[in-house]
Structure formats: C-alpha cells, structure tokens
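Chemist: here is my input, please return the structure:
(2 chains)
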Amino acid sequence: MIFLPLLIALPLLAAFLIPLLSKLWKPFAPIIGNIIPFVLFILALYGIAIIQATPMVVYKFGNWPPPIGIVFGFDAFSAFMVLVISIVVFTGALFAINYLKHYTGQWKFWTLYMLITAGLMGISVTGDLFNMFVWIEISAIASYALVSFGIEREELEAALKYMVMGEIAGMTLLLTIALIYARTSTLNLADIGNSLQEIKNTTFYWSILGLLIFAFSVKAALVPFHFWLPDAHPSAPAPISSLLSGIFIKVLGIYTSARLIFNIFGLRRENAPFFFNILIGIGLLSIIFAGITALSQNDYKRLLGYSTVSQVGYVMLGLGIGNFYGVAGAILFILAHGVAKALLFLTSGSIVYATGERDIKKLGGLGEAMPTTAWSFRIGALSLIGLPPFVGFFAKFLIALGAIKQGFLWLAIVAIGFSGVTLGYLLKIENNVYLKKNNSQAKESPFLMRVAMVLLVILVLLLGIGFKPLMDLVIQPATDALLRGTEYINLIFGG
Amino acid sequence: MIIFTSCIILFLIGFYAVVAKRNLIKIAIGFAIMEYAVNLLFALIGFKEGAIAPIITKLNVPHNFVDPIPQALVLTAIVIGLGTTALLLSFIMRIYEKYKTLDVTEIKRLKG
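Modeler: Prediction:
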C-alpha cells in the first residue's frame, strides 16, 4: 500500500524543496504549497474508498513484521482524520496566498506549513508509540515557530507561553514512553496493547494512563490546561489559526488519546465507568468555563480561541459517554467543528486583512462592505451553534442522543443548553462587526481568499445535506474502528 | 530501583524549575534537565550488568546482550531536544530584544 508513506513523504519533500528552489523562483513556494494539500485530499478520498473494503491497511517499513519494525496502521478512524486534515490544510493554503502579501520571508511560512502537515499525517497513521512522539514534536515545533511568525511583542510572548506548555506535555509524554518501554520492552502500539492486557488494573497501568491523559489534555487545551490557547492561536497568521484551531489540537490531543484509550488500553464504559466519568467531567468543565469566558472577550480572534476550547470539550464529552452514539457524535464533531472553526478563523483573517483591526468594538459596518466574509461568518456560526440543516446540528444531536441512551438526561440538557452560550458569543461578533452601522471604507478581500472561504461554506452545507452518505461511508466505520477495542491488535498483527 | 527513582526526581527538579522560576534562561535550563532525566532513564532501562554490545560475531558464546533500542531512542530524543532548546533560546533572545528583561512576571501584555 504505497499511498500510506506518500501521505508523509509528499509534504516532507515539499518542505525540503521549498527553501532550495524558492530562492530561484519566488512563486514556487505558494504553488507547491497548494498542490501538495490538494494531492493529499485526493489520497484521503482514496483512503476512504479503500477502508470500505478492508478494516485495516498495514504498511511495514522495510518489510519487517510488526513487533520488530515500525508499522503504519491505517483504519477507518485514521482515514477520517486524514480527510479532515487535508480539507483544513488545503483551504488554509489557498487563503494564505494573498493573506501573506504583507509578510516577509514567505518561504519560511510554507516550509513550516508543510512540516505541520507531515506531522499531523504521521500522527494519524502511525502504529508505533515513539514514532507518534516524533511526529507530535515535529508538528509542535513547527507550530511554535508559526505562532511567532509576526515577531511582534505579543506574538513572541504567546509563542513562549505555548512552547513552555507544549514542551511540558512533550517531556511528560517522553517520560511515559520510557516507563512503558521499561515494563513492556516494545514500542509497537499493538504489542504494547497485548502487554497491557496482562497487567490490567494495576497501579502502574492507571498511572501511565493518567500521565498520558495529562500530556494529551495539555496538547488539546482542555480546561484547566487551556490558558495558552487563547493567546497562541490568535497570535498566528489567520491560515495558521484556522489550521491550529480547526484540526491541530484535535490530532495532537483527541485522536491520540482516543486511539490509546479505546484500542490500546482496551477501555470501555462497561469495564471502566469511573475513568469515562472523568472524561465527561473534563469535557463539561471545558464547555462551561471556556464558553462563559468567551462571552466577555472583545478581541475577534481571542473570542474564537476560547470558543475552540469550549467546543473541544464537546468532543471529550462524546468520547466520555462512550456508547456508539456518543463516540460517533464526537467523531462527527471533529469534522463539523474543524470545518466551521477553520471558516470562522479565515473570516477573521479577511477582516484583519481589510482593516488591520481585531477589536470588535472598533469595527463595524462590514456586513455591507464585505458581503462574502459576512455570509461566510454567518453560515459557519450557524453550523457551530448547531442549527438543523447544518452538519454541526447532527454532531450535537448524536452526542445528546448518546447521553440520553446512557441515562444522563441532564448531560444532554447541558450540552444542548450551552449552544445558547455559543449563540451568545457569536452574536456579539455578528452585532458589532457586521450589523452595526458604520461608514466603513473596507474593501472585500482578494479573489483567492474568498474562494477559500466559499469552499468551506459549500462544505458546511454539503456535509449537512449529505449527512446520510457521510454517516455510512465515513463516520460509522470510524466509530466501529474505535469501539472495536483491542481487536485493533489482531488486525495489526494479521495485516 | 533507586536509580530509576532518582531519574524521576531529576525530572521533577527540572519541572520545578520550569514552573517556579522567573528567569527565562532558568526555565530553558529546567527543560534541559527534564530532557536529560528522561534520556538517562532510557539509557538505564537498556543497561544490563555484565552484558556485551549486541553485535553478533562468530566468536560470540551465549551471552547477555545490552538492549540497543533505548540508545537509538535517546539519539532521536537528543536531536528533538536540540531543536526545542534552540527554538526556545531564540524566542528568549527575541523577547529580550523587545522587552529588555528576562523576568517572566514583567512580560505580560496578553490578558483575559
């Protein structure tokens, strides 16, 4: 299966070529930086097609069989993540062409952008714990550099804060890997899973799980480890904010923890209800605390940053509910929020590009001056709130359904009720930036930036209308792949 | 066991430096200590008393071999650590240029 290493090799190759060739021909960097994500999108669709027939595709490096060599294991959950990554990366790249006009050193941006892409793809397909750590560090280091891309005071401060938190998580993860290796003498995820089943419910088992959850919650910016995100994500250039908030934290934090909890540690709500209640607790805390904090923000991008923390809480909530509907809702929520939040951050980039201002009290009258941006914002916001025709509605509906089936009626009420808070902070932007009358002289953003936003708008609409095929082809196989539990181990060894 | 525990203690000393120190350079040193603690732990995991390097020759009588994988992991971890330390120090340099201080309590323009 040659396409698996291609997912990583293509962006890495581009990251290598861009510094060399953009000296000779300047447009090389943006061109290759857009072609590669598009190719990745085609490969992701191909991956979805493959996964319909076989539950797991295993790629063995150098043909060494699993416990000895490094393997890539590509199942439906990986295929889903690869698809979402390629969508967000592609629209971000399209948006960046015009947006970066005012920045110097553009080729540096594109090199780091390709490195982030390679890292995210690597995390989603790898079947080896140390390999996963290496990809996490590659994408994380590239993202620290991109957050500080403007090298102004605020950006440097945010990047430093982000890097300190991110590296604490990274070092904790490395320590945990050392402890796991000391006990099991293997790094292959499937093999670790086998060894862990023998020492299930010992103190060691729960303490390494605790360390891993700590590391991944910092990476996913769940409350109480969230405070770096509302600084870091707004400081980055808009395409990067959209990538970081849209998919980055979900791959580094949610995908990794979901994979380890369900497939490697083999935990289900039936055999570890207490642990899953903790996940629900973390999710609820994020939804409530970050949602309420978002209401008092006056900075366009910072408000969206708090909103991201709050929405990632929903994903954790869905995973914590742990039955089919809850997990399917969480997975669909990754897609729905990824697309909608990427769109909202792109509109913020469009506003900053036109006015140079992020404070929503000082903006105004842009609904008439910038109609494409305004309508993109409205549709993205409606999907994020969870109104019926849009994809965000189905995600929240599935999570609430899962909560009710599990006997947590109050949880469903809280989850749906906090859509009201989401509505509140998004209306604040809508009122101040787009509806308020103001003789704004701002011009609509350039063509390619509008194309990127319109593509995401079309996607939000299509995913809502085509919910049934989406559910059958993508979400349901991905949910089954997670709920298959330790069957994952046999599939890796059998592949 | 005492050796492993002392690695964890070293890790916690680094963690303390990162969390509690106010000087940015000391924070960077804290990260270096954390990293070395984990690298040391890896190296000790692979170590066996009286074992030889895992290179198989015709002369090898049956013998204990040292586990070679942790050493490969430490090499990778050192390279990643080099990258993070270099980036962290360059952030600190830039911040010093802009703020003229290395005290974290004075570097706080972001709020809310």
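Chemist: for the residue positioned nearest the centre of chain B, what are its contacts?
Modeler: Relative to the mean C-alpha position of chain B, the nearest C-alpha, by Cα atoms, centre = their mean, is the one of residue B:35, at 1.1 Å. With contact set as Cβ atoms under 8 Å, 6 or more residues apart in numbering or on different chains, residue B:35 has these partners: A:171, A:174, B:14, B:77, B:81, B:85. Heads up, the C-betas are built off the backbone N, CA and C, glycines and all.
Chemist: tell me the spacing between the first one and residue B:22.
Modeler: Between residue A:171 and residue B:22 the distance, using Cβ to Cβ, to the nearest Å, works out to 20 Å.
Chemist: in CSV, list the contacts of residue B:35 along with distance to residue A:396.
Modeler: Compiled in CSV, the contacts of residue B:35 are given as follows (distance: Cβ to Cβ, whole Å):
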residue, distance to residue A:396
A:171, 36
A:174, 36
B:14, 42
B:77, 41
B:81, 42
B:85, 43
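Chemist: now do the strands in the stretch 251-400 of chain A.
Modeler: With DSSP state E, counting those that start in this stretch, there are no strands along the stretch 251-400 of chain A.
Chemist: who in it is up against chain B?
Modeler: A:296-297, A:299, A:302 (Cβ under 8 Å from any Cβ of the partner chain).
Chemist: which among these end up buried?
Modeler: Buried members of those, scored by 16 or more other Cβ atoms under 10 Å in any protein chain shown, are A:297, A:299, A:302.
Chemist: one step back: quick one, which of residue A:171 and residue B:22 is more surrounded?
Modeler: residue A:171 (25 against 11; other Cβ atoms under 10 Å in any protein chain shown).
Chemist: any idea which element the more buried one lies in?
Modeler: Per DSSP states H and E, residue A:171 falls inside helix A:153-184.
Chemist: following the chain past that helix, name the next helix or strand.
Modeler: helix A:189-198.
Chemist: identify the residues contacting that next one?
Modeler: A:66-67, A:73, A:127-129, A:132, A:180, A:183-184, A:186, A:205, A:259-260, A:263-266, A:486, A:488-489, A:492-493.
Chemist: so where's the chain uncertain?
Modeler: Just so you know, I chose chain A. Residues of chain A meeting the criterion pLDDT under 70: A:1, A:439, A:495.
Chemist: my question was about chain B
Modeler: B:60, B:110-112.
Chemist: contacting residues for the nearest residue to residue A:447 once chain neighbours are set aside?
Modeler: Spatially, and ignoring its direct neighbours in sequence, residue A:447 is nearest to residue A:98 (7.9 Å; Cβ to Cβ, 6 or more residues apart in numbering or on different chains). By Cβ under 8 Å, 6+ apart, the residues touching residue A:98 are A:353, A:445-449.
Chemist: what's the answer for residue B:64, then?
Modeler: B:48, B:50-52.
Chemist: any idea how far residue B:88 is from it?
Modeler: Taken as Cβ to Cβ, the span from residue B:64 to residue B:88 is 40 Å.
Chemist: and for residue B:29?
Modeler: 10 Å.
Chemist: show me which of these two is the more surrounded one.
Modeler: Under the criterion of other Cβ under 10 Å, the comparison of residue B:29 against residue B:88 puts residue B:88 first, with 23 against 16.
Chemist: pretty sure the more buried one sits in a strand.
Modeler: No - Residue B:88 is assigned helix when assessed by DSSP: H, G, I helix; E, B strand; the rest coil, not a strand.
Chemist: and the spatially closest residue to it that is not a sequence neighbour, which helix or strand is it part of?
Modeler: With sequence-adjacent residues excluded and distances taken as Cβ to Cβ, 6+ apart, residue B:88 is closest to residue B:28, at 5.3 Å. Using DSSP H and E, residue B:28 falls within helix B:24-46.
Chemist: now swap in residue A:48 and tell me
Modeler: helix A:28-51.
Chemist: next secondary structure element downstream of that helix?
Modeler: Past helix A:28-51, the next helix or strand by DSSP H and E is strand A:56-60.
Chemist: anything in the helix or strand just after that following strand near chain B?
Modeler: Per DSSP H and E, strand A:56-60 leads on to strand A:71-75 as the next helix or strand towards the C-terminus. No - figure legend: strand A:71-75 not in contact with chain B (Cβ under 8 Å from any Cβ); closest approach 15.5 Å.
Chemist: strand A:71-75 vs strand A:56-60, what angle?
Modeler: On the basis of axes from the mean of the first three to the mean of the last three Cα atoms, to 10 degrees, strand A:71-75 is oriented at 170 degrees to strand A:56-60.
Chemist: before we move on, the earlier item: from the contact counts, what lies against the helix holding residue A:48?
Modeler: Counting contacts by 3 or more Cβ pairs under 8 Å, 6 or more residues apart in numbering or on different chains; DSSP states H and E, helix A:28-51 is packed against helix A:3-21, strand A:71-75, helix A:76-99, helix A:106-125.
Chemist: which parts of that helix are buried?
Modeler: Neighbour-count burial for helix A:28-51 [16+ other Cβ under 10 Å]: A:28-30, A:32-34, A:36-37, A:39-41, A:43-44, A:47-48, A:50-51.
Chemist: likewise stretch A:479-494?
Modeler: A:479-486, A:488-489, A:491-493.
Chemist: contacts only, for the residue nearest the centre of chain A.
Modeler: Centroid check for chain A by Cα atoms, centre = their mean gives residue A:247 as the closest residue, at 1.9 Å. By Cβ under 8 Å, 6+ apart, the contact list for residue A:247 reads A:84-85, A:88-89, A:120, A:334, A:338, A:342.
Chemist: how about 10 Å then?
Modeler: For residue A:247, the contact set (Cβ atoms under 10 Å, 6 or more residues apart in numbering or on different chains) comprises A:81, A:84-89, A:92, A:116, A:120, A:124, A:254-255, A:334-335, A:337-339, A:341-342.
Chemist: which strand or helix spans residue A:219?
Modeler: Going by DSSP H and E, residue A:219 is in helix A:203-220.
Chemist: CA atoms only for the helix or strand following that helix, dumped as CSV, please.
Modeler: Next along the chain after helix A:203-220, taking DSSP H and E as the criterion, comes helix A:229-235. C-alpha atoms of helix A:229-235 as CSV (Å, rounded to 0.1, in the frame of the first residue of the first chain):
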residue,chain,number,x,y,z
LEU,A,229,-4.5,28.6,23.6
PRO,A,230,-6.4,31.9,23.6
ASP,A,231,-3.0,33.6,23.4
ALA,A,232,-1.3,31.3,20.9
HIS,A,233,-4.0,30.7,18.3
PRO,A,234,-5.0,34.3,17.8
SER,A,235,-1.3,35.4,17.5
